[in-house]
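Trainee: Generate a structure from the sequence data that follows.
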Amino acid sequence: MLRCFAFFCTLVLSANLLYSQQPTLKRFQYDGKIGKSVKAAVWITEQRGMVRGEIRYSTSKTTIALGGTKDLNGYLLYEFSGTGQISGVITGKLVKSDFIGKWSSPATGKDLDMKMSFQKGVVIPAPSNSSLQGEYYYRFGKDGPEGTLRCQSAGDDSAIIKIETTTGGPAYNQATVDSTIVRLADGQARLMVGDACRIRIRFFNEFAMVDVDDETGCGFGMNATVSGVYKKIQGNRP
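Mentor: Now for the predicted structure:
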């Protein structure tokens, strides 16, 4: 009996030690209102300027995925459906312990004030980024801008990246990055288009964040860009 108990304790201690050695992140919850009457709860996790989370409205039992970025100007978050459609855009800053900002609808252009109060923070395991390959997508409304990023494994620490986007109507100008083999390091990839177009891709959970140093040298169509936040809608080989 004593041997069994000692063996069980060893297993528990080993599991706790293994968990304590795993990278972790903090997940914060905020509750409040959008506009004067819409109650909602928001959960946010950050990693190196990338943000993912969920929002749940009091009128629904399901959560909506949030993906975006945080910089010196504050947060820029997008509400994503499972198919990559963007239903809302959230901008805001932390003022003391409150999240203060705006919620806007890409479909109607309607803006609402947003005030959320901090509720709690918990520690969660950091995403492993073990399976980045798949198809990532975003679209703003029926006739708005849309983009697709495809990531295909090309061996250890390498991937083939292809990006295609269009502006909204009526112009539908395009920005394209042809299939390019890139090196993946710590969930990030960098590539060049021509001699002056530097592109960075960062992966965080089910999102890919793309930014470009200077798009004037990329050869994209007028007002077209590959910069943005894309949500994975299809896993495995795209």
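Trainee: all contacts plus neighbour counts: C-alpha atoms, from now on.
Mentor: Will do.
Trainee: so the residue most central in space within the chain is in which element?
Mentor: Centroid-nearest residue in the chain, with C-alpha atoms, centre = their mean: residue 67, separated by 3.3 Å. Taking DSSP states H and E as the definition, residue 67 sits inside strand 64-71.
Trainee: can you list the domains in this structure?
Mentor: The record, using automatic domain parsing to delimit domains, assigns the chain the ranges 24-125, 134-235.
Trainee: Could you save the ones you listed as JSON lines and add columns showing mean pLDDT?
Mentor: Formatted as JSON lines, the domains of the chain follow (pLDDT from 0 to 100):
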{"stretch": "domain 24-125", "mean pLDDT": "95"}
{"stretch": "domain 134-235", "mean pLDDT": "94"}
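Trainee: In the sheet, which residues pair with residue 47? Tell me.
Mentor: On the basis of DSSP bridges, residue 47 is bridged to residue 50.
Trainee: Any figure for the gap between it and residue 112?
Mentor: 27 Å (C-alpha to C-alpha, to the nearest Å).
Trainee: which of these two has more neighbours?
Mentor: A count of neighbours by other C-alpha atoms under 10 Å puts residue 112 above the other of residue 47 and residue 112, at 17 against 14.
Trainee: Secondary structure class of that one, three-state.
Mentor: Of the three states, residue 112 takes strand under DSSP: H, G, I helix; E, B strand; the rest coil.
Trainee: what's across from it in the sheet?
Mentor: Under DSSP bridges, the beta-bridge partners of residue 112 are residue 103.
Trainee: For it, list the residues it contacts.
Mentor: Residue 112 makes contact with 34, 35, 102, 103, 104, according to C-alpha atoms under 8 Å, 6 or more residues apart in numbering.
Trainee: Quick check: phi and psi on residue 157?
Mentor: phi 60, psi 20 (degrees, to the nearest 10).
Trainee: how deep is the nearest residue to it once chain neighbours are set aside tucked in, by neighbour count?
Mentor: Nearest non-adjacent residue to residue 157, counting by C-alpha to C-alpha, 6 or more residues apart in numbering: residue 184, 5.0 Å away. Close neighbours of residue 184, defined as other C-alpha under 10 Å, add up to 18.
Trainee: what do you get for residue 157?
Mentor: By other C-alpha under 10 Å, 13 other residues sit near residue 157.
Trainee: ditto for residue 216
Mentor: The local packing of residue 216 (other C-alpha under 10 Å) involves 11 other residues.
Trainee: Name the nearest residue to it, ignoring sequence neighbours.
Mentor: Nearest residue to residue 216, sequence neighbours excluded (C-alpha to C-alpha, 6+ apart): residue 197, at 7.7 Å.
Trainee: what sits against that neighbour?
Mentor: Neighbours of residue 197 in contact, by C-alpha under 8 Å, 6+ apart: 212, 213, 214, 215, 216, 217, 218.
Trainee: Got phi/psi on it?
Mentor: Dihedral angles of residue 197 (phi, psi; degrees, to the nearest 10) stand at phi -110, psi 100.
Trainee: can you offset everything so residue one is 38?
Mentor: Done: numbering now begins at 38, and the last item shifts to residue 234.
Trainee: what's across from it in the sheet?
Mentor: With DSSP bridges as the criterion, residue 234 is bridged to residue 230.
Trainee: Before I go, just wanted to say thanks for your time.
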